[in-house]
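Q: here's my sequence, what's the structure:
(chains A and B)
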2 protein chains.
Amino acid sequence: MALIVQKYGGTSVANAERIKNVASRVAAYHSQGDQVVVVVSAMSGVTDKLLTLAKEIMPIPSERELDMLLATGEQTTIALTAMALHEQGIKAVSLTGAQAGIVTDGVHTKAKIRNITPKQIHSFLDAGNVVIVAGFQGQTIEGQITTLGRGGSDLTAIALAAALKSDLCQIYTDVDGVFTADPRIVKTARKLQEISYDEMFELASLGAKVMQSRSVEFAKKFGVVFEVRSSLNQNAGTLVKEETQSMEDVVIRGVSLDKNQAKVTLIAVPDKPGVAARIFKALAEAAVNVDMIVQNVSHRSDAPATDLSFTVDKPDLPKASRVIANLREEIGFNAILADENIGKLSIVGVGMRSHSGVAAKMFETLARENVNIEMISTSEIKISVVINLEKGEQAMRAVHASFLES
Amino acid sequence: MALIVQKYGGTSVANAERIKNVASRVAAYHSQGDQVVVVVSAMSGVTDKLLTLAKEIMPIPSERELDMLLATGEQTTIALTAMALHEQGIKAVSLTGAQAGIVTDGVHTKAKIRNITPKQIHSFLDAGNVVIVAGFQGQTIEGQITTLGRGGSDLTAIALAAALKSDLCQIYTDVDGVFTADPRIVKTARKLQEISYDEMFELASLGAKVMQSRSVEFAKKFGVVFEVRSSLNQNAGTLVKEETQSMEDVVIRGVSLDKNQAKVTLIAVPDKPGVAARIFKALAEAAVNVDMIVQNVSHRSDAPATDLSFTVDKPDLPKASRVIANLREEIGFNAILADENIGKLSIVGVGMRSHSGVAAKMFETLARENVNIEMISTSEIKISVVINLEKGEQAMRAVHASFLES
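A: Take a look at the predicted model:
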């Protein structure tokens, strides 16, 4: 008898029919004798509908009241899911985040889980119930309802798996697992059987949006092994876990292409202490999310100056340009160049550490395809390059072939 | 500075526009310096939509899960109402029934309020907030979400008024108050300035459906004075309160006509102990709600038998007839007569106690109108007669003229 935590997202519970489908899956585990805790999101579309309603009343609603409002979405799903299990003759109870003992800090709309006291969950499980928990929500010690922000339901599932010391944690979604590349772009992409937390984290933050990064971080921190798999078929998914020795045998785990970035270059920035700090502080204050930053050494000894490039989310480009333009007088650079027409191509793999020549191989591949590299940034297990957007998919296929097809 | 509890029903909060209108009313009291606690229902239509969804999943859903599901309706409204107050620059917080400290028994879908611990309400009020409380819901001491059944939001408001010792309790609805008769039938009907709990109770249970009877009972028990008034205008409403000496000066407070009853008559029921008990126990077991019961004395000394009549809700008539037919052999009556074509006309007033001849005056009035009386039933402050449905409205107007127009 195993204790299993399963999470189903909004599309998996989008209507009565799909909720019944989820119940059938849960029922199969339950009738094997497993104890099952099910975490569900709001039915897809519901959260947006609530937000629209709120905005009809107030353009920027209070975050406390937004949490009160949005928490109803998951509360609706848990009740319906419990009913669907009853309909199949299975004992089940639903619990809100608060009832499940999920205690968070008081930062409304993006609260952090402080601790979990799963007393009610245990007592309902012990009485033979499937327990359905509302994802995305919790409460403060003072009893205020909070929500966990984007990807919050994944976080609920992984945190519950940690707190309950579950044997298995399954994240059900509408894809079969994590792939070596986006199968819509790279036809030869393969589903991975396993991936390390760090690789998953890099892929998540790079736009292979199976899961939010912070859920992966949380899982790593608490050593929760989880499986990403489809709620639409019975195929095994991808196991996400601590890195093992054998993982290093594979040089590259996957290739990703992020088309949602734009590049900003400042020409001839004075090369002196404090300049970079000034620029990125101003961007942070304007809530512009900066991803890659590349700065080269200064090459003129008379008036030391350098070119500084960075990437931002495409929708943030106008704001970023405004912020930088306002600094021109203070800092004294020559010009700003903005380029929306870029893609960020990355390869990720823990095997990179023990295999040399990975970067060289990637650059050679790109050269062979006649793709010009505009920026390069590397971390221990990742190499990212910024290239022309039009060449993005072609480059991705070539890099995938060169590292992942033999 | 007064402490005011206000309750707004589903039609008063049916959409963003109406919620803003509620916020304006609340704001007016708040800016006079009053402390305001607002109880709201689910937006009209929402509860039905949730029930439909539940029934797509399971024909008869579990009551615990129904409560979990339906409680989201009021939770949505409180958040939106708080936002609408913020939009007008007024501090406001929303609280679920559980957060407001409303503790109930564990009878899901029709829980009874056990007690209220308004700690959070007080502390938010003291900090200058308007406090918006979800009507219709509470939680058990074990932390399970419950709902209070039909009319539950009125009950929440009146119970909060009692617990908070509020100076004023206002029940906002879509009518101007309690009238001497239904103004759609009796053009000369007047709005009452005040009415006693007992009169209101009789009128409520007689089908003048401004409020559910149990809310009135609760108000009487705890001495909560409340005002029924319209959310669509600024008119004063009707004050519902303990009977005063001066109320007895008015003989009759109001006239009501209930068109939703049907009459069942058993001919020649053996007049012996236990027969009536057998009949009404069988009806109760079939969940048939019996209203009036009339039995006359037996008039034949050889084989004592009597005719027994009672009224039931019209939709229950087929079921009631079936239940009675099954008893025929056991009990041995001659025949069953069923009549859907009836109306129950009632006059209500505490003044009846100190004024003689009230029944006689009512019967005279009906005789003058050539209305035949089929059944009569009286209580201390009410006289009800069953008459032919077609003559119902004419009779009502005549009785209203005779007692309430001078």
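
Q: give me the pLDDT for A:Ser298.
A: A:Ser298 is assigned a pLDDT of 66 by the prediction.

Q: A:Gly207 too?
A: Predicted confidence (pLDDT) for A:Gly207: 55.

Q: name the next helix or strand downstream of the longest helix along chain A, please.
A: The longest helix of chain A (DSSP state H) is helix A:63-87. Downstream of helix A:63-87, the first helix or strand assigned by DSSP states H and E is strand A:92-95.

Q: which other helices and strands does that next one contact?
A: Contacts defined by 3 or more Cβ pairs under 8 Å, 6 or more residues apart in numbering or on different chains; DSSP states H and E place strand A:92-95 against helix A:63-87, helix A:119-126, strand A:130-134, helix B:63-87. Using the backbone N, CA and C atoms, a C-beta is placed for each residue, glycine as well.

Q: just how off-centre is the third one within its chain?
A: Centroid displacement of strand A:130-134 relative to its chain, using Cα atoms, centre = their mean, to the nearest Å, is 23 Å.

Q: beyond that strand, next helix or strand please.
A: Per DSSP H and E, the first helix or strand lying C-terminal to strand A:130-134 is strand A:137-139.

Q: ok, the next helix or strand after that following strand: who's next to it in the sheet?
A: Next helix or strand after strand A:137-139 toward the C-terminus (DSSP H and E): strand A:145-147. With DSSP bridges as the test, strand A:145-147 is paired with strand A:137-139 (antiparallel).

Q: show me what the mean pLDDT comes to for the strand it pairs with.
A: Regarding strand A:137-139, the rounded mean pLDDT is 98.

Q: please enumerate residues in contact with that strand?
A: A:67, A:70-71, A:74, A:96-98, A:102-104, A:111, A:113, A:145-148, A:152, A:156 (Cβ atoms under 8 Å, 6 or more residues apart in numbering or on different chains).

Q: can we see that at 7 Å?
A: Strand A:137-139 is contacted by residues A:71, A:74, A:96-98, A:102-104, A:111, A:113, A:145-148 when judged by Cβ atoms under 7 Å, 6 or more residues apart in numbering or on different chains.

Q: switch the helices and strands packed on strand A:92-95 over to JSON lines; also include mean neighbour count, distance to A:Val216 and mean pLDDT.
A: Listed next are the helices and strands packed on strand A:92-95 as JSON lines, based on neighbours: other Cβ atoms under 10 Å in any protein chain shown; distance: least, Cβ to Cβ, whole Å; pLDDT from 0 to 100:
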{"stretch": "helix A:63-87", "mean neighbour count": "27", "distance to A:Val216": "21", "mean pLDDT": "98"}
{"stretch": "helix A:119-126", "mean neighbour count": "16", "distance to A:Val216": "23", "mean pLDDT": "96"}
{"stretch": "strand A:130-134", "mean neighbour count": "30", "distance to A:Val216": "20", "mean pLDDT": "98"}
{"stretch": "helix B:63-87", "mean neighbour count": "27", "distance to A:Val216": "31", "mean pLDDT": "98"}
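
Q: CSV for those, including distance to B:Glu194?
A: Shown next, in CSV, are those (distance: least, Cβ to Cβ, whole Å):
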stretch, distance to B:Glu194
helix A:63-87, 37
helix A:119-126, 48
strand A:130-134, 46
helix B:63-87, 29
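
Q: out of these, which is closest to A:Val269?
A: Nearest to A:Val269, of all the helices and strands packed on strand A:92-95, is helix A:63-87, at 37.5 Å by Cβ to Cβ.
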